[in-house]
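K.L.:
need a structure here:
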Amino acid sequence: QWSCHRQDADGTLAELPPFLDTRGDDPRRAFAESLVAAIGDGGTIIVYNASFERSVLLQLADAFPDLAPALYGMAARLFGLLPFAREHYYHPAMMGSWSIKRVLPTIAPDLDYANLADVQSGDMVEPVYFEMIDANTPPARRQALADALLTYCARDTLAMVRVAQYLGAPVVSIGPADAGERAG
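P.N.:
Numbers count the residues shown, from 1 in each chain. You can find the predicted model right below:
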């Protein structure tokens with residue numbers, strides 16, 4: 001799963017169509033193709049934990065050599081918001097943690113994760129995903145879980161946009177839903 005908010009040079013912010021595999025098959029190829037198509041080959045890509053996101057892109061490049069040039073290019077354009085936040089921001093309510101879940105409420109309290117259904121943190125993503133792809137999950141519940149995963153992931157990337165704007169960092173963000181405490 002991935003989500004992307006893009007801010008153009010004129011300041012226009014748009015949420016690109018996200019990717020979420022709901023079949024339960026190996027989603028890596030479709031994930032990589034859709035990510036490459038959406039992100040393109042220019043601009044800074046903001047993520048929360050660049051080393052984690054870079055490792056995912058490099059693993060995908062190894063798995064799909066035909067997509068490797070684009071994926072390597074994306075990996076080279078990553079900007080890690082976590083070290084930037086550590087260097088340039090602190091609020092006592094963060095209680096010593098620079099996770100996006102601790103930083104965000106001090107900058108954009110309107111983006112609270114507590115009001116999300118089914119998925120409110122990164123550690124909730126995997127069990128929700130496995131329930132969603134389970135053949136015994138009723139279709140209505142399956143759709144509700146997919147919607148919850150998409151909403152959570154979009155909240156993560158919008159959170160990165162808002163934190164980046166507040167701190168004056170560059171402005172394109174991507175991130176997997178399971179990023180939670182690990183990445184954006």
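K.L.:
Which elements pack onto the longest helix along the chain?
P.N.:
Looking across the chain with DSSP state H, the single longest helix is helix 139-167. Counting contacts by 3 or more Cβ pairs under 8 Å, 6 or more residues apart in numbering; DSSP states H and E, helix 139-167 packs against strand 2-7, strand 13-19, strand 45-47, helix 81-88, helix 100-107, helix 125-133, strand 172-175. For glycine as for every other residue, the C-beta is placed from the backbone atoms N, C-alpha and C.
K.L.:
show me the contacts for the residue sitting furthest away from the middle of the chain.
P.N.:
Within the chain, the residue lying farthest from the chain centre (Cα atoms, centre = their mean) is Asn136, at 28.2 Å. For Asn136, the contact set (Cβ atoms under 8 Å, 6 or more residues apart in numbering) is empty.
K.L.:
hang on, isn't Arg29 packed against Phe64?
P.N.:
Yes. Shown here, Arg29 and Phe64 form a contact pair, counting by Cβ atoms under 8 Å, at 6.3 Å.
K.L.:
The closest residue to Ala14 other than its chain neighbours: neighbouring residues, count only.
P.N.:
Spatial nearest neighbour of Ala14, excluding adjacent residues (Cβ to Cβ, 6 or more residues apart in numbering): Arg6 at 5.4 Å. Neighbours of Arg6 under the rule other Cβ atoms under 10 Å: 20.
K.L.:
which ones are touching Arg6?
P.N.:
Arg6 touches Leu13, Ala14, Leu16, Gly43, Val172, counting by Cβ under 8 Å, 6+ apart.
K.L.:
circling back: so which of the helices and strands packed on helix 139-167 comes closest to Ser34?
P.N.:
Ser34 sits nearest to strand 13-19 of all the helices and strands packed on helix 139-167, at 4.5 Å, using Cβ to Cβ.
K.L.:
beta partners of the residue nearest to Ala14?
P.N.:
Arg6 has these beta-bridge partners by DSSP bridges: Ala14, Val172.
K.L.:
What does Ser97 show for phi and psi?
P.N.:
phi -110, psi 140 (degrees, to the nearest 10).
K.L.:
do you know how far it is from Glu126?
P.N.:
21 Å (Cβ to Cβ, to the nearest Å).
K.L.:
what sits up against the host helix or strand of Ala37?
P.N.:
Using DSSP states H and E, Ala37 maps to helix 28-39. Here helix 28-39 makes contact (Cβ under 8 Å, 6+ apart) with 1-2, 4, 16-17, 19, 21, 45, 60, 63-64, 67, 70-71, 74, 172, 174.
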